[in-house]
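**Student:** no sequence on this one, just coordinates:
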């Protein structure tokens, strides 16, 4: 079947679905690759991957493509699902014979509810979907495909899931699909060297973080590895076939989880003499970090999450504040750049714990940070926690009309508006320090491209900041009105 793999234009500038563990429009425009869609696309000759957001493909342009294909595979997200449904309904109007499959964490967790949302969705594939989509495109009946949910006899047939994919070397290289279907110059992440390419060297994550979406709803906790030789071959091919490429990013849930494997892989990457970056946990020791640095590693994305030890315990982070300090010191000693991720609104959060996180971030003083609102996605322990304790908001809305994050829960003494306000305060206190400003100015003075990038990012951030301030104001006014009405009763 002629197959379209779609990362949809759920919102303008939306980094979601197949590309992101944390689907949302960012403070600063950035895009990850739709890796999950590119694996099965590499198995189907008559296929095409459309990644709408970075390629600025509108909803109307997307809908017009329906007449060219027999099968549509759409990777949806919780924030974007309602928009994605409207898109496929319009595509079915254009091509009534089009078969439509939805994939991704949201439909994995809520398969029957998702099918009820629209008759335009023919079936859902839960969790990893590589071979299931290939088999359907080659004519295999839905009844015989594991992990598929579809309508039958007035109800739903929910096929048992198959096991996770163990032989990752047997999968196609996603970089060949990038070369075929995507413009790699459209992809940028502010703290990476752009243009960049990203792909996986593993699947799954053994860590038990309660907020993390993919291990709990998509790829699982079983850690599966590609062989070092296969990774090196794909790196070599990538470096030879993408002119102007500045960096490869290994976008694993946790690249360096196992010391022996990391050191063995680095010994082979070293000979390629190229710049790369990856994800990391603070449990990584000095020897492993040194092997990575010697092999060309430049930057690590590190999930610090919080500066409060009890919060880390609540989310089953499996790390301590002291580990984070030691890890950060080792990275600085080796001249490894860190982009630190922090979350506001995790279970047990209070004004005091947020203050601890801000102070901790300033103490660590890593190169750049991202501060996210803790999103309890359906299917995660975090979601179960807020739902069980009556903390979820009535509407469960987790994004504004532009796809930017909004909290879909609130704590006693810490409401939605205050959570958003704390995110802005976190960013402000970290970045508006003289030493950080000086660091940015030094970069901009000697690099015209860096000046242009910083100016663009500043405009985007200030625009979003203005929207967030308005949201905080509206929430405060609503709270005051509620208090007045309650007093009147």
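**Tutor:** Received it, and whenever you're ready, just let me know what you need. What you see is a predicted model, and the numbers here were worked out from it, not measured in a lab. Numbers count the residues shown, from 1 in each chain.

**Student:** rest of the way, CA atoms for contacts and neighbours
**Tutor:** Noted.

**Student:** which residues of this structure score low on pLDDT?
**Tutor:** Confidence mapping of the chain against pLDDT under 70 gives the ranges 17-19, 25-27, 394, 402-403, 449-468, 471, 477-489.

**Student:** Would you map out the domains in it?
**Tutor:** Following automatic domain parsing, one finds the domains of the chain at 3-158, 189-432.

**Student:** Which stretches in the stretch 251-400 of the chain count as helices?
**Tutor:** Applying DSSP state H, counting those that start in this stretch to the stretch 251-400 of the chain gives helices spanning 259-269, 286-294, 309-314, 321-333, 351-364, 381-388.

**Student:** repeat for the stretch 101-250 of the chain
**Tutor:** Using DSSP H, counting those that start in this stretch, helices in the stretch 101-250 of the chain cover 105-109, 111-117, 130-137, 174-181, 213-217, 228-241.

**Student:** Determine the set of other helices and strands touching the second one.
**Tutor:** Counting contacts by 3 or more C-alpha pairs under 8 Å, 6 or more residues apart in numbering; DSSP states H and E, helix 111-117 is packed against strand 123-125, strand 148-152.

**Student:** Buried deepest among those, which one?
**Tutor:** strand 123-125 (a mean of 27; mean count of other C-alpha atoms under 10 Å).

**Student:** Can you give the strand pairings for that one, parallel or anti for each?
**Tutor:** strand 99-103 (parallel), strand 148-152 (antiparallel) (DSSP bridges).

**Student:** Any chance of those in JSON lines with distance to residue 280 as columns?
**Tutor:** Shown next, in JSON lines, are the strands paired with strand 123-125 (distance: least, C-alpha to C-alpha, whole Å):
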{"stretch": "strand 99-103", "distance to residue 280": "27"}
{"stretch": "strand 148-152", "distance to residue 280": "33"}
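
**Student:** Surely residue 263 is in contact with residue 290?
**Tutor:** No. Using C-alpha atoms under 8 Å, residue 263 is not in contact with residue 290; the gap is 9.2 Å.

**Student:** OK, contacts around residue 283?
**Tutor:** Shown here is residue 283, whose contacts under the criterion C-alpha atoms under 8 Å, 6 or more residues apart in numbering are 319, 323, 324, 327.

**Student:** ok, now how distant is the third one from residue 302?
**Tutor:** Read that as residue 324. 9 Å (C-alpha to C-alpha, to the nearest Å).

**Student:** What is the burial count for the closest residue in space to residue 371 that isn't next to it in sequence?
**Tutor:** Leaving aside its chain neighbours, residue 371 sits nearest to residue 342 (4.9 Å; criterion: C-alpha to C-alpha, 6 or more residues apart in numbering). Residues contacting residue 342 under the criterion other C-alpha atoms under 10 Å number 21.

**Student:** what's residue 342 in contact with, if anything?
**Tutor:** 303, 304, 305, 306, 357, 369, 370, 371, 372.

**Student:** before we move on, the earlier item: which one, of the domains of the chain, ends up nearest to residue 170?
**Tutor:** domain 189-432 (9.1 Å; C-alpha to C-alpha).
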